[in-house]
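K.L.:
Everything below, folded, please.
(2 chains)
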Amino acid sequence: DVKVTQSSRYLVKRTGEKVFLECVQDMDHENMFWYRQDPGLGLRLIYFSYDVKMKEKGDIPEGYSVSREKKERFSLILESASTNQTSMYLCASRGQSRHTIYFGEGSWLTVV
Amino acid sequence: KNQVEQSPQSLIILEGKNCTLQCNYTVSPFSNLRWYKQDTGRGPVSLTIMTFSENTKSNGRYTATLDADTKQSSLHITASQLSDSASYICVVRRGGTASKLTFGTGTRLQVTL
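P.N.:
Here you go, the predicted model:
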């Protein structure tokens, strides 16, 4: 089974803190994604990566950055957390020739 | 504007009953449509993926239909179980080089005794 693992399930951070959300997939997938999910808004794409060291902005990249130093790992970074970044963050991965996207279990971030 | 609209927003049904969830989209050009199930506090899990040429696809008690002409899809759940309680998300992938996914906001299904 494909496994996408998000290392932190629940985090509480203070405004202005730097936050790292880590994601690891075990299927050698080229494509990896970070979404945030808020009630009534559906999933919104923050950033995605189609290869190591490659990244592309999604729909809502402001306030976020990403890092993909290894194929299996995709990190989301909040340089200076703000309360409006309180949300559920979902990591996902997909193989190059595959349709199915596999999601992690999500990371609930609260910024106080 | 490329959009995906789902209805109803929420639904409560008795265990054992059938239900149908709707998805209308305006995404163009169309590549494929996916239905995901998301349990509370968990990540979405794929149920079905349908391309332009597929009208119906089943996965156990879940049957998805697609009418690419009217840009509508439905997810039918047969003989519902308590474990079907979840949000069901319709996702449409745009064709072409952009290849973007557009997510619906989901239908929240609750199955009760």
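K.L.:
What number of residues are in the vicinity of residue B:34?
P.N.:
For residue B:34, the count of nearby residues is 22 (other CB atoms under 10 Å in any protein chain shown). C-beta coordinates here come from the backbone N, C-alpha and C atoms, glycine included.
K.L.:
Remind me which helix or strand it belongs to.
P.N.:
strand B:30-38 (DSSP states H and E).
K.L.:
what sits up against that strand?
P.N.:
In this structure, residues lying in contact with strand B:30-38 by CB atoms under 8 Å, 6 or more residues apart in numbering or on different chains are A:99-101, A:103, B:23, B:25, B:44-52, B:62, B:64, B:66, B:68, B:71, B:73, B:75, B:86-96, B:99, B:106.
K.L.:
Over to stretch B:48-61?
P.N.:
Stretch B:48-61 has contacts (CB under 8 Å, 6+ apart) with A:99-100, B:30-35, B:47, B:62-68, B:73, B:75, B:77-81, B:84.
K.L.:
Sort out which of the residues you listed are buried, if you could.
P.N.:
Taking 16 or more other CB atoms under 10 Å in any protein chain shown as the criterion, what is buried in the contacts of stretch B:48-61 is B:30-35, B:47, B:62-66, B:68, B:73, B:75, B:77, B:80, B:84.
K.L.:
any weak-confidence spans in chain B?
P.N.:
Low-confidence segments of chain B, defined by pLDDT under 70: B:97-99.
K.L.:
Now the residue of chain B found nearest chain A: closest residue in space, sequence neighbours ignored.
P.N.:
At 3.5 Å from chain A, residue B:43 is the closest residue in chain B, using CB to the nearest CB. Residue nearest to residue B:43 in three dimensions, not counting chain neighbours: residue A:103, with 3.5 Å by CB to CB, 6 or more residues apart in numbering or on different chains.
K.L.:
wait, isn't residue B:13 in contact with residue B:111?
P.N.:
Yes - counting by CB atoms under 8 Å, residue B:111 is a contact partner of residue B:13 at 5.8 Å.
K.L.:
between those two, what contacts are shared?
P.N.:
With CB under 8 Å, 6+ apart, residue B:13 and residue B:111 have common neighbours residue B:80.
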